[in-house]
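S.K.: Give the three-dimensional model of this entry:
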Amino acid sequence: MIELIRGNPRYRRYLSAELRTSLWNLVELYLAMLRDRGEEEARRQFARFRGIAVDPEDEWLFEAMALKMRRPKLSYADAVGYTAARRLGARFLTGDEAFRRLPDVEFCR
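M.R.: Residues are numbered from 1 along each chain as shown. Take a look at the predicted model:
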């Protein structure tokens, strides 16, 4: 979502896809927007994507933290987002190299 907002042309094709995100990734987006563009824009972007955010189940969180233990370079939010995507039968869209060799990843850089 951050790359979509920043206008990265490599992510433009995903605008027509059915997007989902975890609530944790949405919080990560809020923090990035707060840092880069201020509170008003951070709140606007949070509200823009709130409707597609899923609140992960406890088991998803446990699975995500086990993944984080195996791959310490992953952020907590991305570990949860990746796990949520897999549990929902979706691909995880990322440009983070730490995900390159994991299954069900749509890598975009």
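S.K.: Distance check, residue 57 against residue 23.
M.R.: 11 Å (CB to CB, to the nearest Å). Every C-beta, even on glycine, is put in place using the N, C-alpha and C of the backbone.
S.K.: Show me which residues of stretch 69-76 are buried.
M.R.: Buried residues in stretch 69-76, counted by 16 or more other CB atoms under 10 Å: residue 74.
S.K.: got the contact list for it?
M.R.: 24, 28, 64-65, 67-68, 79, 82, 96, 98-99 (CB atoms under 8 Å, 6 or more residues apart in numbering).
S.K.: Please compute how far it lies from its chain's middle.
M.R.: 14 Å (CA atoms, centre = their mean, to the nearest Å).
S.K.: Return the helix or strand in this protein with minimum mean pLDDT.
M.R.: Least confident helix or strand of the chain, by mean pLDDT, DSSP states H and E, is helix 2-5 with a mean of 90.
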